[in-house]
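# Got a predicted model here, sequence first, then my questions.
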Amino acid sequence: MAADPPSKSESTAEAKAKAEAEPEPKAEAKSEPKPKPEPKAEAKSEPKPKAKAESEYILELENVSKLFGTVIALKDVTLRLRRGEVHCLLGDNGAGKSTLIKILAGVHPPSRGTYRVDAAPVSFDSPRDALDRGIATVYQDLALVPLMSVWRNFFMGREPRRTRWGIFRVLDRPQARQIASEKLADMGIQIRDPEQAVGTMSGGERQCLAIARAIHFGARVLILDEPTAALGVKQSANVLRLIARAREKGISVIFITHNVHHAYPVGDTFTLLNRGSSMGTFKKSEITRDEVLNMMAGGQEMADLMSELGVRL
Amino acid sequence: MSDRARSDDRVRSVSRLHRVMARPEATAVAGTLLVFAIFWWFAGGSGMFALDGVMNWSVVAGYLGILAVGACLLMIAGEFDLSIGSMIGFAGMVAAILAVHLHWPVWLSMAISLACSLGLGCLNGLLVVRTGLPSFIVTLAFLFVLRGLTLAFAIIVANRTIVSGIGDLAEQDPVAKLLFVGTFGDSAFDWMAQRGWIRALDDGTPLVRGVPKVLLWWAVLAVVCSFQLTRTRFGNWIFAVGGDSNAAKNVGVPVKRVKVSLFMLTALCGWLFAMLQICDVGSAAADRGLQKEFEAVIAAVIGGCLLTGGYGSVIGACFGALIFGVVQIGITYTNINADWFRVFLGLMLLLAVLFNNQVRRRVTQAR
């Protein structure tokens, strides 16, 4: 992992140059005026107008590295998420995608580098902190409990309550059932009964439930970890449609995948990871699907494989 | 809900019977009916279902029910507490020694015993959540530690393993008497006896003086815990923690707090059992509560709790305890040898687990 990857040849250098040429000046201009000390207070006092006026980026990772003992999981990765864009994070297994989202979600602090939300540096102690800032992560395991009903899952950890008989704070079950049904219906999923166990739902329906839940609880940034990995063609299309719909609502999305065919239709920007480093960030207009595919899968490796197998190009 | 249009034609409609059968307590309720039917057949005329007979088996069910309620909630949260039986001996002994040998007021002794129990429950819980060890092992260790401690403590302070005299002291203590001693609703029973509605002795006092307080405690505990489990936020957290603690953590459920507080609840249940028992029997003994941890788990499982957590009901556990009481006492009313009680119980447990697994498979399988 630590060794320099062989496939990171000229294309990477090129990519880096491109990436640095474009967004860097703007970012610098923005990060310059706010000094490092006491950023939190500043950010808290007037978050909205400042954010709107100053930063076009909602999340920024600046030269972030993450070390696990002797393993370098991430090395100097820079990632900037614009407001309202779908930013695809592509990479093969072991590229560092999971580590990156765990940093974004507040599970791990970065070993080096800065993490900024609304242009203010943050250090999250737990996923809860990230959630409070509107950064919601839908993990691959979806954080759903199969044995529990749809509405109990939907509101898990943030149950709506009402006061019964003046003293008891009880779950507001009618409201919870209704909201869960409605939000799922918005996603195009008809459930028989919000009392039905999540275990009886299909993979795509579960994915939609997890995304609907994140959106309902005020996510400004939605981080989706391989949402289409375990899904069939039709269900994947549903989830992609959902991502597009989230963007329409003004939600910024980080979409992690290793499937270019899923990423390309909905993505606005693409960041490629390989062996813990970024191979650059590209706008959709700057790159074709095949280029992405080549860089990601290591075009050289595929070409080698093909010649090995005697396939004529 | 029903007025909402359904557009997906692939979802089957579900019959009411199917829905009822899918509830976690379905097994236990069905089992209870079966058990009642059997004993009605074999022992219907033996007085088992007369008022005094009913009190006999319902008291046994009540004691176990108190434990089963705590064990059930903990089990739904995905953990076991095997130290609950030893906790009964320990809590009873602490209260009795303080009151009888150190002459402290009974209410104070009981309060200190409660504090010790809750502390131990908390320790159990913290050890489980901090170390990540299976609660089975941690509480198995405490099963022995507590039993040994109780014995050693009793020998050192009182130089005996049975401390008697606590019953009389509790009788004189207003707090203990109010909470744990004797029966409830005596005047109502007197009144009913005068009318000839219930059987009375020759001097006019009713054969059954009133409702034993253990039944009252059982009912209160069952209602409160069932309400907590099904109607409150904490209840949702219990299901979430047991169903998938990682998922629960990821959505912000305080997993550790939930688990530790449930370990404290089982300790509380053990203490309650012990207080009621020492007031009823009149003494504390170091070997009290032997094997109660297993009986509580059995009642919870018969009541529909999954061993893996995340599913179950307090009502079911209460029915599980009821089956236990009916069979254990009922068998003495029949001419069946009482040794068969354990055979029946083991088979019942096996059946319940098989059935519960079936339920889980149906609930969790994706279509």
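Looks like it came in fine.

# tell me the contacts of B:Arg233?
By Cβ atoms under 8 Å, 6 or more residues apart in numbering or on different chains, B:Arg233 lies in contact with A:159, A:161, A:169, A:171. The way it works is simple: take the backbone N, C-alpha and C, and place the C-beta from them, glycine included.

# nearest spatial neighbour of B:Ala43, skipping sequence neighbours?
B:Tyr333 (4.0 Å; Cβ to Cβ, 6 or more residues apart in numbering or on different chains).

# Show the model's pLDDT score for the one you found.
What the model reports as pLDDT for B:Tyr333 is 85.

# Is it correct that it is in contact with B:Met48?
Yes - between B:Tyr333 and B:Met48 there is a contact under Cβ atoms under 8 Å: 4.1 Å.

# More neighbours: which of these two?
Each of B:Tyr333 and B:Met48 has its neighbours counted (other Cβ atoms under 10 Å in any protein chain shown); B:Met48 has more, 22 against 19.

# returning to what we had before: just the contacts of B:Arg233 now: which is nearest B:Trp41?
Nearest to B:Trp41, judged by Cβ to Cβ, of these is A:Leu171 at 42.8 Å.

# what ranges do the helices span in chain A?
A:10-21, A:23-31, A:39-45, A:47-54, A:97-104, A:127-132, A:150-154, A:173-186, A:203-216, A:233-248, A:260-266, A:289-297, A:299-309 (DSSP state H).

# How far off centre is the fifth one?
When you say that, I think you mean helix A:97-104. Taking Cα atoms, centre = their mean, to the nearest Å, one finds helix A:97-104 lying 9 Å from the centre of the chain it belongs to.

# Is that helix positioned near chain B?
No - using Cβ under 8 Å from any Cβ of the partner chain, we find that helix A:97-104 stays clear of chain B, coming within 11.2 Å at best.

# Flag every buried residue along that helix.
A:97-104 (16 or more other Cβ atoms under 10 Å in any protein chain shown).

# quick check, B:Trp57 in a helix?
Yes - with DSSP: H, G, I helix; E, B strand; the rest coil as the criterion, B:Trp57 is assigned to a helix.

# any idea what sits nearest it, other than its immediate chain neighbours?
Per Cβ to Cβ, 6+ apart, closest to B:Trp57 is B:Ile329, 3.8 Å.

# ok so that neighbour is a helix residue?
Yes - the assignment for B:Ile329 by three-state DSSP puts it in a helix.

# Test my guess that it contacts B:Asp52.
No - using Cβ under 8 Å, B:Ile329 is not in contact with B:Asp52; the gap is 11.4 Å.

# Looking at these two, which is more packed in?
Applying other Cβ under 10 Å to B:Ile329 and B:Asp52 shows that B:Ile329 carries more neighbours, namely 22 against 13.

# Would you enumerate the residues in contact with the more buried one?
By Cβ under 8 Å, 6+ apart, B:Ile329 lies in contact with B:48, B:56-57, B:60.

# what do you get for B:Val145?
By Cβ under 8 Å, 6+ apart, the neighbours of B:Val145 are B:83, B:86.

# For whichever strand or helix holds it, output the C-alpha coordinates as CSV.
Here B:Val145, judged by DSSP states H and E, is contained in helix B:135-158. Extracted C-alpha coordinates of helix B:135-158, given in CSV (Å, rounded to 0.1, in the frame of the first residue of the first chain):
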residue,chain,number,x,y,z
SER,B,135,-22.6,-11.4,28.6
PHE,B,136,-23.1,-15.1,29.0
ILE,B,137,-19.5,-15.4,30.2
VAL,B,138,-19.4,-12.3,32.3
THR,B,139,-22.6,-13.0,34.2
LEU,B,140,-21.7,-16.7,34.5
ALA,B,141,-18.6,-15.5,36.4
PHE,B,142,-20.8,-13.4,38.6
LEU,B,143,-23.1,-16.3,39.1
PHE,B,144,-20.2,-18.0,41.0
VAL,B,145,-18.7,-14.8,42.5
LEU,B,146,-22.0,-13.7,44.0
ARG,B,147,-23.0,-17.1,45.3
GLY,B,148,-19.6,-17.5,46.9
LEU,B,149,-19.6,-14.0,48.3
THR,B,150,-23.0,-14.5,49.9
LEU,B,151,-21.9,-17.7,51.6
ALA,B,152,-18.6,-16.2,52.8
PHE,B,153,-20.3,-13.0,54.0
ALA,B,154,-23.0,-14.9,55.8
ILE,B,155,-20.4,-17.2,57.6
ILE,B,156,-18.2,-14.3,58.6
VAL,B,157,-20.9,-12.0,60.0
ALA,B,158,-23.5,-14.4,61.2
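
# Toward the C-terminus from that helix, list the very next helix or strand.
Helices and strands here follow DSSP H and E; after helix B:135-158, the next one along the chain is strand B:162-164.

# how much distance is there from whatever helix or strand comes next after that next one to the middle of the chain?
Moving toward the C-terminus from strand B:162-164, the next helix or strand (DSSP H and E) is helix B:166-172. Counting by Cα atoms, centre = their mean, helix B:166-172 is centred 25 Å from the centre of its parent chain.

# In helix B:166-172, which residues are buried?
Using 16+ other Cβ under 10 Å as the test for burial, helix B:166-172 gives B:166-167, B:169-170.

# Which residues does stretch A:97-111 contact?
The contact list for stretch A:97-111 (Cβ under 8 Å, 6+ apart) reads A:59, A:61, A:64-67, A:73-74, A:77, A:79, A:89, A:91, A:115, A:123-131, A:135, A:137, A:223, A:225, A:254, A:256, A:258, A:273, A:276.

# can you tell me the average pLDDT over it?
Mean per-residue pLDDT for stretch A:97-111: 86.

# looking at it, B:Leu127 is touching B:Val138, isn't it?
Yes - counting by Cβ under 8 Å, B:Leu127 touches B:Val138, with 4.9 Å between them.

# From the neighbour counts alone, determine which of the two ranks first.
Set B:Leu127 next to B:Val138 and count neighbours by other Cβ under 10 Å: B:Val138 wins out with 24 against 19.

# got the residue ranges for the strands in chain B?
B:162-164, B:183-184, B:211-212, B:283-285 (DSSP state E).

# between the ones you listed, which one is nearest to B:Leu351?
Comparing those by their distance to B:Leu351 (Cβ to Cβ), the top pick is strand B:211-212, with 30.1 Å.

# starting at the chain centroid, how far to the closest one?
Counting by Cα atoms, centre = their mean, strand B:211-212 comes out at 17 Å from the chain centroid.

# With stretch B:277-295 instead?
On Cα atoms, centre = their mean, the centre of stretch B:277-295 falls 14 Å from that of its chain.

# if you average pLDDT over it, what comes out?
Averaged across stretch B:277-295, pLDDT comes to 92.

# coming back round to it: and chain B, which of the contacts of B:Arg233 contact it?
A:159, A:161, A:169, A:171.

# Out of those residues, which end up buried?
Those of the ones next to chain B among the contacts of B:Arg233 that meet the buried threshold are A:159, A:161, A:171, by 16+ other Cβ under 10 Å.
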